[in-house]
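Enquirer: starting from these lines, generate the structure:
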Amino acid sequence: MDIKQVWQDYRCELERFLRSRISNPEDAEDLLQDIMIKTYQQLHTVQDPSKLRSWLFQVTRNAVVDYYRQSRQVPPDASFLMDEGTERYEQARQELSECIHLFIKQLPENYRLAVEAVDLRGVSQKALSEELGVSYSAAKSRVQRGRQMLAGIFESCCRFELDARGNIIDYQSKGICVP
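Expert: As a prediction, this is how the structure comes out:
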């Protein structure tokens, strides 16, 4: 693959992608140049030409993550950093879903039942109140408090990087956290 042709084919698309995620045009241009250098250095590692576009966008997403990490800014919408369907997203999702069941078991029973019903089984809070024989307000409180407790357990065991909407874009375990 020829770097000149690759850059000619994808430069504008990558630049639009960067400018949609980084408000400072100069920073976006600097990142684009860094991505061009990385592409020049690593293009030989792309085995399948049909995967070139995906590889370029992964390099670009990683550059944006690094930019925000270095500048300690929160991106306006970082949900693109862990796109659904990517191997990284699926791996993180699987690992966190395994943890959530263990962590839910650590909740006091009334909160555990509420969180399991609403968040795992998809029961509405209204139906939960009827199921438990408590007021709607009490059911909502149990779900909210259970979620807060669960978040506390997660925060004590993991460091999370969140996007502007509060979605997890990356995480790192603080150690082994089991009941």
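Enquirer: now do the SS call for residue 39.
Expert: Three-state assignment for residue 39 (DSSP: H, G, I helix; E, B strand; the rest coil): helix.
Enquirer: next up, the contacts around it.
Expert: 3, 6-7, 56, 59 (CB atoms under 8 Å, 6 or more residues apart in numbering). C-betas here are computed from N, CA, C, even on glycine.
Enquirer: check residue 107 too.
Expert: 115, 146, 149-150.
Enquirer: and the strands in this protein, which stretches?
Expert: 158-162, 168-173 (DSSP state E).
Enquirer: in this protein, where's the longest helix?
Expert: What stands out as the longest helix in the chain, according to DSSP state H, is helix 136-157.
Enquirer: returning to that earlier point: would JSON lines of the contacts of residue 107 with neighbour count be doable?
Expert: Formatted as JSON lines, those follow (neighbours: other CB atoms under 10 Å):
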{"residue": "115", "neighbour count": "22"}
{"residue": "146", "neighbour count": "23"}
{"residue": "149", "neighbour count": "18"}
{"residue": "150", "neighbour count": "19"}
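Enquirer: tell me the one among the residues you listed nearest to residue 43.
Expert: Distance to residue 43 across the contacts of residue 107 (CB to CB) is lowest for residue 150, with 44.4 Å.
Enquirer: look at that closest one and report its pLDDT.
Expert: Note for residue 150: predicted pLDDT of 88.
Enquirer: and it, what does it touch?
Expert: 100, 103-104, 107, 115 are the contacts of residue 150 under CB under 8 Å, 6+ apart.
Enquirer: got it, and residue 60?
Expert: 14, 17-18, 31, 35.
Enquirer: residue 108 now?
Expert: Contacts of residue 108 by CB under 8 Å, 6+ apart are residue 149.
Enquirer: one step back: just the buried members of the contacts of residue 60?
Expert: The neighbour-count test (16 or more other CB atoms under 10 Å) applied to the contacts of residue 60 identifies 14, 17-18, 31, 35 as buried.
Enquirer: just those residues now: which is nearest residue 127?
Expert: When the buried ones among the contacts of residue 60 are compared against residue 127 (criterion: CB to CB), the nearest one is residue 17, at 42.8 Å.
Enquirer: which non-adjacent residue is nearest residue 7?
Expert: Nearest non-adjacent residue to residue 7, counting by CB to CB, 6 or more residues apart in numbering: residue 36, 6.2 Å away.
Enquirer: and the one you found, how many neighbours?
Expert: 16 (other CB atoms under 10 Å).
Enquirer: need the pLDDT of it.
Expert: 92.
Enquirer: swap in residue 24?
Expert: So residue 24 comes in at 84 (pLDDT).
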